[in-house]
Structures are given as C-alpha cells and as structure tokens.
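Trainee: Sequence first, predicted model second:
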Amino acid sequence: MLLFLMQRRMMFPAPMAAGAAPRPADAQQVWLPGLAGETESWFLPPLAGARPAPLMIFGHGNGELIDYWPDDFVEPRRWGVAVLLVEFPGYGRSGGTPSQRSVEQAFLAAYDWAAGQDGIDADRIIGYGRSLGGGAVGLLSRKRRLAAIVFESTFTSTRPFARGFGAPGFLVRDPFDNLAAVRAFQGALLIIHGEDDRIIPTDHGRTLAAAGVDLHTLPCGHNDCPRAWPLVRDFLTDHGVLR
C-alpha cells in the first residue's frame, strides 16, 4: 500500500529549476497545453543544413530538467537537425503533475506543435529518450509517426522495479511499457545502454533489442554516459533520416 501511494514521488523526483543554467539566446521557449497547466519546451534551431529540417524530440531522465541539456545537442544541430527539449509536467516551470498520462499528453502536444512548423520536415521526426524519457518517447511512438527512435539507458517497463521492492507489477500506476512500443514500432530503432548501469541494468536493453534490433553498449553507467553522436549520426544516415 505504501509503495502504491508513494511511487510517483519515487518515480518523478522533480528537481528545482533555481540555479539551473539560463535558456540559450537562440532557444525558443514554447508553452504547450497540458492536462492541468501548460508544459514548457525549448526549440533549438539547426545550425546548418537546408530547410525543412529533421527534428529530434528529446525526453530526459526523471531527475533532470530541459535546462540541463542544450549544450549536449549542439552536435546534431550542426548536422542540420532541429531539437525540441520537452519538459515533464510538474517539472521546472511547467504546470500540472507528472504521470504516464500527463507525460504522454505533453509529448503529443510537442509533436503536434513541431510538425506544424514551416521549417520542420514532419516526415523526419526522431524520438530520443534517455532513461524515463524513453518511456515518454515510447508512448509518443504509439500515437504519432516517428521516422526513428533512439533509446538511451531506458527500461522495458517500470513494472520490474516494483518486483524489486517485493511488490507485484500490477500495482504500478505508470508502467511506461517500452517493450510493447518496440514491438509495435515500424521505423528505425537504435538502443544504447551503459555496460555498468546499476540503476537500469543492461538486461533491460538486451530485452528491448531482442525484439529485433541491435544493442550498442558503452563503457559507462547510467548518468555518466556521453552522447554517442557518431553512432547516432551513422544510424540516422543509414536509414535516410539524414541526407
């Protein structure tokens, strides 16, 4: 009963926005409708390339904010890719409270806003989800068309973690079933995982990859993995998302 009541506090430990790095001067702040208040996103335009541009929609980990991520995405912007950093409801300056339903709504709203922008190629939208953000991208892929997905250090679902506490999986209120999303996805899929991940063990990545894609492991844990941009670029080029 305690796990059922407290699980969202454990799953969504939203950090404070105070003290985070300021929004970059070239980042457009976008407010999107949510279930119980507006959700913030930052749109980072491509730094090169022709228009319309492909777009990467990014979902971060459960203890992070969009404020932490602009510098990490300079590299794909140099390839000509636009980036949309989507905040979770109840995180940072965003309204509402986090749950599977509200996170899904936030990412659907982000996709719909971006796909309607003149400078974005709606046929080349990429979902990139790290850790819990992989669950957000998995949900998005079930209801909107993605040209490709990159899963970094994410899970099959959150149910196995409940079993680690000795509780049955059916008590999980927000399962974020990535395994079902992978099995249903028809586009290009790249799975990256740290070999020494102690938070989301590499077995999660192996199980996701067993659905029909390759797993690429890196010599890192969960929160210390660098972005594998050369690998991502080759993957997107091979599948025609980058031209």
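Mentor: Okay, I see it. This structure is a prediction, so every number in the text was calculated from the model and none was measured.
Trainee: C-alpha only now, for contacts and for neighbours.
Mentor: Will do.
Trainee: remind me, longest strand of this protein?
Mentor: strand 120-130 (DSSP state E).
Trainee: next one: that strand to chain centre, how far?
Mentor: Relative to its chain's centre, strand 120-130 lies at 11 Å (C-alpha atoms, centre = their mean, to the nearest Å).
Trainee: which other helices and strands contact whichever helix or strand comes after that strand?
Mentor: For strand 120-130, the following helix or strand on the C-terminal side (DSSP states H and E) is helix 132-143. If you count contacts as 3 or more C-alpha pairs under 8 Å, 6 or more residues apart in numbering; DSSP states H and E, helix 132-143 packs onto strand 53-59, helix 100-115, strand 120-130, strand 148-152, helix 178-184.
Trainee: Please produce TSV containing those, extended by mean pLDDT and distance to L190.
Mentor: Formatted as TSV, the helices and strands packed on helix 132-143 follow (pLDDT from 0 to 100; distance: least, C-alpha to C-alpha, whole Å):
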stretch	mean pLDDT	distance to L190
strand 53-59	98	14
helix 100-115	97	20
strand 120-130	98	9
strand 148-152	98	5
helix 178-184	96	10
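Trainee: Indicate which one of these is closest to G34.
Mentor: Nearest of the helices and strands packed on helix 132-143 to G34, taken as C-alpha to C-alpha: helix 100-115 at 5.9 Å.
Trainee: Using PDB, write out every CA atom in that closest one.
Mentor: C-alpha atoms of helix 100-115 as PDB (Å, rounded to 0.1, in the frame of the first residue of the first chain):
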ATOM      1  CA  GLN A 100       2.200   8.500 -17.500                       C
ATOM      2  CA  ARG A 101      -1.000  10.100 -18.800                       C
ATOM      3  CA  SER A 102       0.300  13.700 -18.400                       C
ATOM      4  CA  VAL A 103       3.700  13.000 -19.800                       C
ATOM      5  CA  GLU A 104       2.100  11.400 -22.900                       C
ATOM      6  CA  GLN A 105      -0.100  14.400 -23.300                       C
ATOM      7  CA  ALA A 106       2.900  16.700 -23.100                       C
ATOM      8  CA  PHE A 107       4.900  14.800 -25.800                       C
ATOM      9  CA  LEU A 108       1.900  14.600 -28.100                       C
ATOM     10  CA  ALA A 109       1.400  18.300 -27.800                       C
ATOM     11  CA  ALA A 110       5.100  18.900 -28.500                       C
ATOM     12  CA  TYR A 111       5.000  16.700 -31.600                       C
ATOM     13  CA  ASP A 112       1.800  18.300 -32.900                       C
ATOM     14  CA  TRP A 113       3.300  21.800 -32.500                       C
ATOM     15  CA  ALA A 114       6.600  20.900 -34.100                       C
ATOM     16  CA  ALA A 115       5.000  19.000 -37.000                       C
END
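Trainee: what residues does it touch?
Mentor: Applying C-alpha atoms under 8 Å, 6 or more residues apart in numbering, the contact partners of helix 100-115 are 32-35, 39, 41, 57, 84, 86-89, 96, 120-122, 136-137, 139-140, 143-144, 174-176.
Trainee: Try it again at 7 Å.
Mentor: The contact list for helix 100-115 (C-alpha atoms under 7 Å, 6 or more residues apart in numbering) reads 32-35, 39, 86, 88-89, 120, 122, 136, 139-140, 174, 176.
Trainee: which of these sit farthest apart?
Mentor: Using C-alpha to C-alpha, the two most remote members of the contacts of helix 100-115 are I120 and D174, lying 31.3 Å apart.
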